[in-house]
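got a predicted model here, sequence first, then my questions.
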Amino acid sequence: MKLLIILLSLISIVRPPYLKPGDKVAVISPSYAITDSAALRRGCEVLRSWGLEPVMGKHVYLDPVKDSCGRLRNVYAGTLEERLEDIRWAYEADSIKAIICSRGGYGGIQLLPLLPLSTYSDNPKWLVGYSDITNFIAASTVAGVMSIHGNMVGAYGDRKGPDEYSEAVREMLFGRLPGYSVAHNEHDVPGHAEGTLIGGNMITLQALLGSAYDPTGLDDVILFFEEVEESMHAIDRIVNAMAVQGKLRNVRGIILGEMHKCGEELMLYKDVYEALSQITSSLGVPVCCGFPAGHGEHNMPLMMGARVSLDVTGEGSVLTYELQ
């Protein structure tokens with residue numbers, strides 16, 4: 001484990017080439033399958049409107065299998081081998097310039113040990129997704145390649161009219177980076193921090209701690225968390241466990257995204273942000289609460305593995321990318 005920490009501290013994270021019109025992008029489902037083929041078609045039309053050419057993996061859409069009582073028996077986009085085939089193809093095909101997942105769900109962790117970290121480092125490409133795709137975002141970060149935590153293809157065709165969060169993914173893929181300003185939250189902790197942006201879905205990342213895919217060993221990190229439908233007990237346990245395990249040692253700043261439908265039993269706290277701010281207060285680092293990213297109504301993209309600066313004041317928070 002000490003060797004892994006030393007190796008992580010030596011990693012230089014590279015930025016994949018930004019996209020240009022005409023580039024081919026792979027659409028894959030490494031976790032759950034897309035069951036709404038119309039939404040998938042609409043999403044691919046959005047990609048074409050961006051000037052990109054979507055290329056579908058072999059195992060993206062799957063009719064759900066139900067038992068005699070109507071309960072789902074299979075929600076994965078194919079077998080383990082089939083999903084592995086798609087993600088390997090997406091990384092190894094020279095014609096593919098970026099990988100945009102169709103959706104999240106569960107199942108990504110099943111593929112991680114079958115994908116050597118060289119899969120990412122030998123083929124540096126933009127990977128876009130969130131939720132269960134946090135597994136691959138973390139692996140890509142550890143392998144030294146930036147990725148994008150943001151809306152997936154299934155969401156691009158999910159709304160009528162322009163979707164600002166999906167459009168923001170397009171801007172990021174083409175190299176137009178935002179500077180984010182977030183309204184003040186009463187549980188913010190003021191301060192300034194600089195570091196490498198890591199994280200994603202809280203419970204998904206927590207399962208990777210101590211593994212070869214754990215990015216918390218990087219020097220000077222800004223940790224981003226978001227979560228959906230988790231109890232306050234589970235959230236409290238995860239963050240306290242990270243502290244006990246020393247996984248917050250390198251954290252220089254914290255960004256708390258949307259905690260959608262979380263913490264209904266608040267355990268004497270006013271809300272989830274109050275709880276998390278109290279748990280992390282001993283770290284002495286700035287904490288931005290309520291960043292508009294996650295499973296809720298808002299999901300602005302974040303470039304994971306990028307160097308960023310975070311400023312939290314009484315007026316609000318500012319997140320700035322520091323890329324050359």
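In hand now; what should we look at?

strands of the stretch 151-300 of the chain, start to end?
Taking DSSP state E, counting those that start in this stretch as the criterion, the stretch 151-300 of the chain carries its strands at 180-183, 191-201, 221-228, 251-260, 287-289.

tell me which of those strands sits most buried.
strand 287-289 (a mean of 27; mean count of other Cβ atoms under 10 Å). Placement of C-beta: from N, CA and C, glycine included.

any idea how far it is from the chain center?
With Cα atoms, centre = their mean, to the nearest Å as the basis, strand 287-289 stands 18 Å off its chain's centre.

how about stretch 195-204?
7 Å.

and the average pLDDT for that stretch is what?
Per-residue pLDDT over stretch 195-204 has a mean of 98.

looking at the strands of the stretch 151-300 of the chain, which is nearest to L19?
Judged by Cβ to Cβ, the one of these that comes nearest to L19 is strand 191-201, at 20.2 Å.

so which elements touch the closest one?
helix 134-143, strand 221-228, strand 251-260, strand 302-304, strand 307-313 (3 or more Cβ pairs under 8 Å, 6 or more residues apart in numbering; DSSP states H and E).

pull up the pairing partners for it, direction included.
strand 221-228 (parallel), strand 307-313 (antiparallel) (DSSP bridges).

quick one: pLDDT of A39?
88.

revised request: answer the last question for P64.
66.

now swap in V169 and tell me
97.

need the helices and strands packed on strand 191-201 in JSON lines (columns: mean pLDDT).
Below are the helices and strands packed on strand 191-201 laid out as JSON lines (pLDDT from 0 to 100):
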{"stretch": "helix 134-143", "mean pLDDT": "98"}
{"stretch": "strand 221-228", "mean pLDDT": "97"}
{"stretch": "strand 251-260", "mean pLDDT": "96"}
{"stretch": "strand 302-304", "mean pLDDT": "98"}
{"stretch": "strand 307-313", "mean pLDDT": "98"}
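
adding distance to G78, write those out as CSV.
Output for the helices and strands packed on strand 191-201, formatted as CSV (distance: least, Cβ to Cβ, whole Å):
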stretch, distance to G78
helix 134-143, 16
strand 221-228, 25
strand 251-260, 28
strand 302-304, 26
strand 307-313, 36
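
burial count for the nearest residue to G200 once chain neighbours are set aside?
Closest residue in space to G200, ignoring its immediate chain neighbours: T134 at 3.2 Å, by Cβ to Cβ, 6 or more residues apart in numbering. Using other Cβ atoms under 10 Å, T134 is surrounded by 28 other residues.

what about the residue of the chain most remote from its centre, which SS state?
Residue farthest from the centre of the chain, counting by Cα atoms, centre = their mean, is S68 at 36.1 Å. The three-state assignment at S68 reads coil, by DSSP: H, G, I helix; E, B strand; the rest coil.

swap in L84?
Classification of L84 using three-state DSSP returns helix.

do you know how far it is from Y76?
As judged by Cβ to Cβ, to the nearest Å, L84 and Y76 stand 12 Å apart.

quick one: which of these two has more around it?
Per other Cβ under 10 Å, whichever of L84 and Y76 has more neighbours is Y76, with 20 against 17.

now that one. Nearest residue, chain neighbours left out?
Once flanking residues are discounted, Y76 sits nearest to G107: 5.5 Å by Cβ to Cβ, 6+ apart.

surely the one you found is in contact with Y32?
Yes: with contact defined as Cβ atoms under 8 Å, G107 counts as touching Y32 (6.7 Å).

what's the overlap in contacts for those two?
Contact criterion Cβ atoms under 8 Å, 6 or more residues apart in numbering; residues bridging G107 and Y32 by contacting each: Y76, D132.

following the helix or strand of the chain with the lowest mean pLDDT, which helix or strand comes up?
When the helices and strands of the chain are scored by mean pLDDT, DSSP states H and E, helix 2-9 comes last with a mean of 53. Next helix or strand after helix 2-9 toward the C-terminus (DSSP states H and E): strand 24-28.

so which elements touch the helix or strand following that following strand?
Scanning forward in sequence from strand 24-28 by DSSP H and E, the next helix or strand is helix 37-49. The contact analysis (3+ Cβ pairs under 8 Å, 6+ apart) places helix 37-49 against strand 24-28, strand 53-56, helix 153-156.

ok, back up a step: so what's the residue nearest to Y76 up against?
Contacts for G107 (Cβ under 8 Å, 6+ apart) come out as P30, S31, Y32, Y76, R83, D132.

rerun at 10 Å
29-33, 75-78, 80, 83, 132, 135 (Cβ atoms under 10 Å, 6 or more residues apart in numbering).
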